[in-house]
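Asks: the amino acid sequence is not available; the structure is as follows:
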């Protein structure tokens, strides 16, 4: 790895390793959020179809709907599962946004460090370009521009 180069300071190498860890953690939360979202939508479609065919169609009044809904354990269990998956999805969404804020702050700090740090004047931009290219290829981390 280019950031393990002896010309790169230990604090810069530590910051880059921390950035990689935060990126992996952020991607993990994003993946789990997507899985929960797709699971919730699939479960919602199945539950809606089942609820329409088994509860709404045979019922004649609101009280029949409530009675049939409460008596059918599968519908109640699916509803509880749907609420649980929704809570998980919102938990992972919150964690993802929290981790994204930390990741963006550290990435901006590293960009400033590489552009205006004390070693950038003596070493030039060759190491910065090499590190940026490797991080972009390996981990899809952009150290070229702040956004």
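Replies: Yes, it's here. Keep in mind it's a predicted model, so treat the numbers as computed, not measured. Numbers count the residues shown, from 1 in each chain.

Asks: going forward, measure contacts between C-alpha atoms and count neighbours the same way
Replies: OK.

Asks: pLDDT score for the residue nearest the centre of the chain?
Replies: The centroid of the chain falls nearest to residue 30 when counting by Cα atoms, centre = their mean (2.0 Å). pLDDT recorded at residue 30 is 97.

Asks: likewise for residue 125?
Replies: pLDDT, read off for residue 125, is 71.

Asks: how many neighbours does it have?
Replies: 14 (other Cα atoms under 10 Å).

Asks: name the SS class of the residue nearest to the centre of the chain, please.
Replies: helix (DSSP: H, G, I helix; E, B strand; the rest coil).

Asks: for it, give its distance to residue 72.
Replies: 35 Å (Cα to Cα, to the nearest Å).

Asks: got the contact list for residue 56?
Replies: Residue 56 makes contacts with residue 65, as judged by Cα atoms under 8 Å, 6 or more residues apart in numbering.

Asks: residue 75: how many residues sit nearby?
Replies: 19.

Asks: and the pLDDT at it?
Replies: So residue 75 comes in at 82 (pLDDT).

Asks: please enumerate the strands of this protein.
Replies: Read by DSSP state E, the chain holds no strands at all.
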